[in-house]
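Asker: Attaching a predicted model along with its sequence, questions to come.
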Amino acid sequence: WSTTFEDEEFNLDSYLPDAKRRKENEDAVPSIDSLLCTGASEVGTVRPLQDFNDMLARRDIDLVSKAIGEMKVCIMKLVHESVKDSFYEKAFDCLIALRRGCIREEESQEFNRFLKELKNNFKGKRRNDFWELMVKKKMTLITSSESEDSEASSLDAQKFLSEELDSEIRDGALKGEEEDPSKEETAESLFDMLE
């Protein structure tokens, strides 16, 4: 909008209300770059599910590894900062989203390592109640039937959640060493061969 006064032109656009100026900017055709660069670039604790999914959906830049890493940090932060179990459901929802995203992006090994880390950090420790929630809701390893890049079998996934797994492994290893006479004979025969 401009007015001419005696051979001088005045531009009065700067006097337009902000709302009208914004409206004019909204009517402008968006560039391809602005369309591609929409979405989150980090996972926060306020809207972690949306941030994570937005990062995975971006195709202008590969943010998969960053999204997975930040979602893992977010889950740990929600669990550790939770007063009793106040953030557990949100953390568990994030864990579900992480699992789905890792299957979709063929990053199952990363998810399975993280799940083992959660078990190691929480089972029988300060945040055991979060581990119990994972067991109750059957949050387990991604199996090879779910994702081609996974090395975990269905049996591995079932055993992962069982409370007896650790004791079965320890007991089986000790019994196996003590009860297998062929191993003792093999060791003795090896020593005999050295003499």
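Answerer: Arrived safely, thanks for sending. Numbering: from 1, shown residues only.
Asker: What lies in contact with the strand or helix carrying Ala67?
Answerer: In this assignment (DSSP states H and E), Ala67 forms part of helix 64-81. For helix 64-81, contacts defined as C-beta atoms under 8 Å, 6 or more residues apart in numbering pick out 42-45, 48, 51-52, 55-56, 87-88, 90-91, 94-95, 97-98, 101-102, 105, 107, 110-111, 114, 118, 121-122, 127, 130. Every residue, glycine included, has its C-beta placed from N, CA and C.
Asker: rerun at 6 Å
Answerer: Applying C-beta atoms under 6 Å, 6 or more residues apart in numbering, the contact partners of helix 64-81 are 42-43, 45, 48, 52, 55-56, 87, 90-91, 94-95, 98, 105, 107, 110, 114, 127, 130.
Asker: Quick check: ChimeraX command selecting the buried ones in those.
Answerer: Per 16 or more other C-beta atoms under 10 Å, the buried members of the contacts of helix 64-81 correspond to this ChimeraX selection:
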select :43,45,48,52,55,56,87,90,91,94,95,98,105,107,110,114,127,130
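Asker: By mean pLDDT, flag the weakest helix or strand of this structure.
Answerer: The helix or strand of the chain with the poorest confidence is helix 165-179; it has a mean of 43 (mean pLDDT, DSSP states H and E).
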